[in-house]
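Novice: Give the three-dimensional model of this entry:
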Amino acid sequence: MKKAEVVFIPFPVPSHLISTLEFAKLLINHDNRLHITVLLMKQPHSTETDAYTKSLLTSDSINFINLPEFTVLPNTDPRAVFGALEAQKPNVRQAVSGITNGEQHGHLAAFVVDMLCTTMIDIAKEFSVPMLVFFTSGIASLGLNLHLHTLRVRDNVDPTQLQQVTELAIPTFANPVPSYSFPSSVLSKEWEQIFMNYVRGLKNSDGIIVNSFEELESHAVQSFSSHSELAGLPTIYPVGPILTPEPETKGIVESDDIIKWLDNQPTSSVVFLCFGTRGSFDDDQVKEIAHAIENSGARFVWSLRKPHPRGVMVAPSEYTLSDLSLVLLEGFLDRTTGIGRVIGWAPQTQILSHPATGGFVSHCGWNSTLESIYFGVPIATWPLFAEQQTNAFQLVCELKIAVEIALDYRVELHQGPNYLLTADKIEKGIRSVLDNDEVRKNAKEMSEKSRKTLLENQSSYRYIGRLTHYIMNQI
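Specialist: Predicted structure coming up:
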């Protein structure tokens, strides 16, 4: 039996790394002729990802090669990340040479690299194998990046001009997209070169594997074959939803305690507020959220994290109980003790899958979005960074499985948030996400589709089949 070796290069942050490795598991479960070697660029003190990768060491079909540490200081400009990736190229080259010299697991057939690691295309070319990109966001968002890159190359439209347009027709969206929903990276002159290099890498790849599914983004999928601008670009493979398992972390409240509390709440009555691994707010914004929760009267679980100083690229930390009482409204914890819980780190999938959870106030990160869809929980949108504004627009205006708290809120690394979101707007979103029957119905219908698509002969299953066929044809 012919065997094929596939080299995976994930980006070393949990939200990217874990979904990439979950996809690797999916691939080898689909076709036992594949063997995967993962080149790990570990970050210092990455205990969460260490525990996760250890759990995969028992598989005969996946092995890991540790590259030197991926060290980017927390207060450096994010662009330093791409310099650190360039510095890893000789290490990648050496590791892949070792694999091809051994060939004990089959012939080298392809690279699968994270969307932020497309600079590795040079190495794939050196070894004369295709480079496939693993794109950790949605197909519509991918199309927006491709279109804005095309406008820059073809029509010389630069970021300052994009800031002046009200909205833009994008092939992968059914409705015109307002400029406030564009990612920060395309609106900023200082990010322009990085954005151009990043999307050029996507366009030069041999295929783009997307953590999404055709039933969720049918318009976007069809646009890749029907729209002339997208027709000549790499093949897309929607293979999701790939959900990420819960990391072994504990916050100020044990997860078991939260689940027991949810067990005693009525069905679909609790709103869950959680803003991802990097989401946090300053004291003024925390107080507005607290006012909104209290005024809404809704049952709640609120994952509240302590922000780091502005301009520092590290995840928020946990509040101590004494800190919490200082940052919240005076008496808030006492007044809401019967109807809600304030926690630090949240066991997100356990909470979203619980029957008591009826709404999700979310930053609209793609992993969180896929989880909420899978469990049929409607979202109230509150985007923060990256492509989250684009996701929020798509969820509210295209898919109609979310309600709006904000679509244009954004947090810049050095400047902080663009405005203070007031309690009345937040309260309106909380009430709406629990009471909007049409959005709830749409979310439940999409949930059913998301649970079927990876089953045999369904759309994501078929795309994985096409992908494995393509890989096996390389040897």
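
Novice: Please make it C-alpha for all contacts and neighbour counts, starting now.
Specialist: OK.

Novice: The lengthiest helix in the chain: which residues count as buried?
Specialist: Identified as the longest helix of the chain according to DSSP state H is helix 80-102. For helix 80-102, burial by neighbour count (16 or more other CA atoms under 10 Å) applies to 81-82, 85, 88, 92-93, 95-96, 99.

Novice: try stretch 260-275
Specialist: Under the neighbour-count criterion of 16+ other CA under 10 Å, stretch 260-275 has 262, 268-275 buried.

Novice: Residues contacting it, please?
Specialist: Residues from elsewhere that reach stretch 260-275 (CA atoms under 8 Å, 6 or more residues apart in numbering): 298-304, 346, 351-352, 354-363, 430, 434.

Novice: go on, stretch 28-41?
Specialist: 1-12, 24, 27, 61-70, 92, 95, 105-106, 464-465, 468.

Novice: repeat that for 6 Å
Specialist: 3-9, 12, 61-67, 69-70 (CA atoms under 6 Å, 6 or more residues apart in numbering).

Novice: again with stretch 453-462
Specialist: Here stretch 453-462 makes contact (CA under 6 Å, 6+ apart) with residue 239.

Novice: returning to what we had before: can I get the buried residues of helix 80-102 in JSON lines with distance to residue 310 and pLDDT?
Specialist: JSON lines is the format used below for the buried residues of helix 80-102 (distance: CA to CA, whole Å; pLDDT from 0 to 100):
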{"residue": "81", "distance to residue 310": "18", "pLDDT": "78"}
{"residue": "82", "distance to residue 310": "21", "pLDDT": "80"}
{"residue": "85", "distance to residue 310": "24", "pLDDT": "89"}
{"residue": "88", "distance to residue 310": "28", "pLDDT": "93"}
{"residue": "92", "distance to residue 310": "34", "pLDDT": "96"}
{"residue": "93", "distance to residue 310": "37", "pLDDT": "96"}
{"residue": "95", "distance to residue 310": "37", "pLDDT": "94"}
{"residue": "96", "distance to residue 310": "39", "pLDDT": "95"}
{"residue": "99", "distance to residue 310": "43", "pLDDT": "87"}
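
Novice: Go through the residues you listed and name the one nearest residue 332.
Specialist: Lowest distance from residue 332 to those (CA to CA) belongs to residue 81, with 40.6 Å.

Novice: How many neighbouring residues does residue 283 have?
Specialist: Using other CA atoms under 10 Å, residue 283 is surrounded by 15 other residues.

Novice: if I look at it, how far off is residue 307?
Specialist: Separation of residue 283 from residue 307 (CA to CA, to the nearest Å) stands at 9 Å.

Novice: quick one: low-confidence ranges for the stretch 51-200 of the chain?
Specialist: Scanning the stretch 51-200 of the chain for pLDDT under 70 picks out 51, 56-58, 72-79, 102-104.

Novice: show me where it has helices.
Specialist: For the stretch 51-200 of the chain, the helices defined by DSSP state H, counting those that start in this stretch cover 80-102, 121-126, 139-155, 159-164, 184-187, 192-203.

Novice: can you dump the C-alpha coordinates of the longest helix of the chain into CSV?
Specialist: Extracted C-alpha coordinates of helix 80-102, given in CSV (Å, rounded to 0.1, in the frame of the first residue of the first chain):
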residue,chain,number,x,y,z
ALA,A,80,7.8,41.0,14.7
VAL,A,81,5.9,37.7,14.6
PHE,A,82,6.5,37.4,10.8
GLY,A,83,10.2,38.0,11.3
ALA,A,84,10.3,35.2,13.9
LEU,A,85,8.6,32.9,11.3
GLU,A,86,11.3,33.8,8.7
ALA,A,87,13.9,32.9,11.2
GLN,A,88,12.4,29.4,11.5
LYS,A,89,12.9,28.6,7.8
PRO,A,90,16.3,26.9,8.2
ASN,A,91,14.9,24.8,11.0
VAL,A,92,12.0,23.7,8.9
ARG,A,93,14.3,22.9,6.0
GLN,A,94,16.5,20.8,8.2
ALA,A,95,13.5,18.9,9.7
VAL,A,96,12.0,18.1,6.3
SER,A,97,15.3,17.0,4.9
GLY,A,98,15.5,14.5,7.8
ILE,A,99,12.0,13.2,7.0
THR,A,100,12.7,12.7,3.3
ASN,A,101,16.0,11.0,4.0
GLY,A,102,14.2,8.4,6.2
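
Novice: Report the angle between it and helix 192-203.
Specialist: 30 degrees (axes from the mean of the first three to the mean of the last three CA atoms, to 10 degrees).

Novice: circling back: looking at the buried residues of stretch 260-275, which is nearest residue 124?
Specialist: Nearest member of those to residue 124, counting by CA to CA, is residue 275, at 36.2 Å.
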